[in-house]
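*Asks:* What follows is a predicted protein model with its sequence.
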Amino acid sequence: MGLQLEGLLLQNRPLLLKKSGISPVDIVRSGLYRQTKTTTQQGCQIDYLVQSKTKSLFICEFKFKKREISSEIISEMQDKISRLKTPKGFAKVAVLFHLSGVASSVATHPYFYRIVDIVDFLENN
């Protein structure tokens, strides 16, 4: 079911961008991203990566769980983002899309640029 929801989200990229607060005119490229592990870099998979003209990389994570998402998501994202090899001068911005709710410790933590409830995303497009 997770892959189906992810596919649905990616088919609605204009809504993803709107909810992420990213203007379509600022996008250089966007899409799924997989960095292969080599001897000089670690591997990682990004659910949706957006590169903007302002040298920002929006790293979007899709989480579909039965229980609310705990603060563990912050360390998971920090680890993932630290693995991502990026050009000098680029900002890395974390965005979370979720279906199961988030703990108050996640909602109030300043780590994520945006936290988007997918239910609101689908209902209020």
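*Replies:* Sure, I can see it. Keep in mind the model is a prediction, meaning the values are calculated, not measured. Numbering: from 1, shown residues only.

*Asks:* What pLDDT does the model give residue 92?
*Replies:* Residue 92 is assigned 96 on the pLDDT scale.

*Asks:* what do you get for residue 2?
*Replies:* pLDDT for residue 2: 60.

*Asks:* what's the residue located most distally from the centre of the chain in contact with, if anything?
*Replies:* Distance from the C-alpha centroid of the chain peaks at residue 39, with 26.1 Å (C-alpha atoms, centre = their mean). Residue 39 makes no contacts at all, as judged by C-beta atoms under 8 Å, 6 or more residues apart in numbering. Any C-beta I mention is one placed from the backbone N, CA and C, and that applies to glycine too.

*Asks:* for residue 63, which residues make a bridge with it?
*Replies:* Beta-bridge pairing for residue 63 (DSSP bridges): residue 98.

*Asks:* Give me the nearest residue to residue 42, chain neighbours excluded.
*Replies:* Spatial nearest neighbour of residue 42, excluding adjacent residues (C-beta to C-beta, 6 or more residues apart in numbering): residue 83 at 4.2 Å.

*Asks:* just checking, that neighbour touches residue 33?
*Replies:* No - using C-beta atoms under 8 Å as the test, residue 83 is too far from residue 33 to be in contact (11.6 Å).

*Asks:* Compare the two (neighbour count), which wins?
*Replies:* Counting neighbours by other C-beta atoms under 10 Å for residue 83 and for residue 33 shows that residue 33 has the greater number, 18 against 15.
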